[in-house]
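Student: This is a predicted model, with the sequence first.
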Amino acid sequence: QVQLVQSGAEVKKPGASVKVSCKASGYTFSDHYVHWVRQAPGQGPEWMGWMNPNSGGTHYAQQFRGRVTLTRDTSVSTAYMDLRRLTSDDAAVYYCARGDTPHDFLDLWGQGTMVTVSS
Amino acid sequence: DIQMTQSPSSLSAFVGDRVTITCRASQSISHYLNWYQQKPGKAPKLLIYSASSMQSGVPSRFSGSGSGTDFTLTISSLQPEDFATYFCQQSDGTPLTFGGGTRVEI
């Protein structure tokens, strides 16, 4: 079954970091880019960046540069999103999604990981 | 960044109605426009890519059109399972950007 399965919900304090995983199955992990998108309650999705699983290359949206790192472990077909210095504005559902190129439609999505930021 | 503006932000319709949602880009994006459906608590699902190409498995009552800056998603005969929020997304370049969504209600 072609799918992306993400790690579970997280509760973090302001200033902390969160790392979300995204495990791919049913297709060749290195053949497709992994994009990360977040969605705050009642808002439209917000794109965070992409990672090329083949090369490890990355590109981040300007507003996240310096605070987010996208990595992968090809041995377990898993992508990771690490977001640092969390504030209440980072409370959202975080999704990984598959695309064929750096700018593309996203044809396969993970189920989402809710991140709550609260003191 | 390319801004995507959807209208309306919400609409009410009956089963069987023809529904049209529009999306406008702040600059020309050729045909690089995609549509997603999202139901509460679920991830977005790709419906239409490259403005008018239907994703595999999507019912034929969904269609997309447009180019340049103005795009349309049409549901020819609204079904009960179509009540959801719809988003457009441009893929002409990064950052990828999404519209604010159109909520389709009964």
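Tutor: Cool, got the structure. Numbers count the residues shown, from 1 in each chain, chains lettered A, B, ... in the order given.

Student: give me every residue that touches the most centrally placed residue in chain A.
Tutor: Note on chain A: the residue nearest the mean C-alpha position is residue A:36, at 3.5 Å, using Cα atoms, centre = their mean. Residues near residue A:36 by Cβ atoms under 8 Å, 6 or more residues apart in numbering or on different chains: A:47, A:48, A:49, A:50, A:51, A:68, A:70, A:81, A:94, A:95, A:96, A:97. (C-beta placed from N, C-alpha, C; glycine too.)

Student: name the element the closest residue to it other than its chain neighbours belongs to?
Tutor: Closest residue to residue A:36 apart from its sequence neighbours, by Cβ to Cβ, 6 or more residues apart in numbering or on different chains: residue A:48 at 4.3 Å. In this assignment (DSSP states H and E), residue A:48 forms part of strand A:46-51.

Student: got it, and residue B:86?
Tutor: strand B:85-90.

Student: about what we covered before: pick the one among the contacts of residue A:36 closest to residue A:15.
Tutor: Nearest to residue A:15 among the contacts of residue A:36, counting by Cβ to Cβ, is residue A:68 at 15.4 Å.

Student: Any residues of chain A in contact with chain B? List them.
Tutor: For chain A, the residues in contact with chain B (Cβ under 8 Å from any Cβ of the partner chain) are A:35, A:37, A:43-47, A:50, A:59, A:61-62, A:95, A:97, A:102-107, A:109-112.
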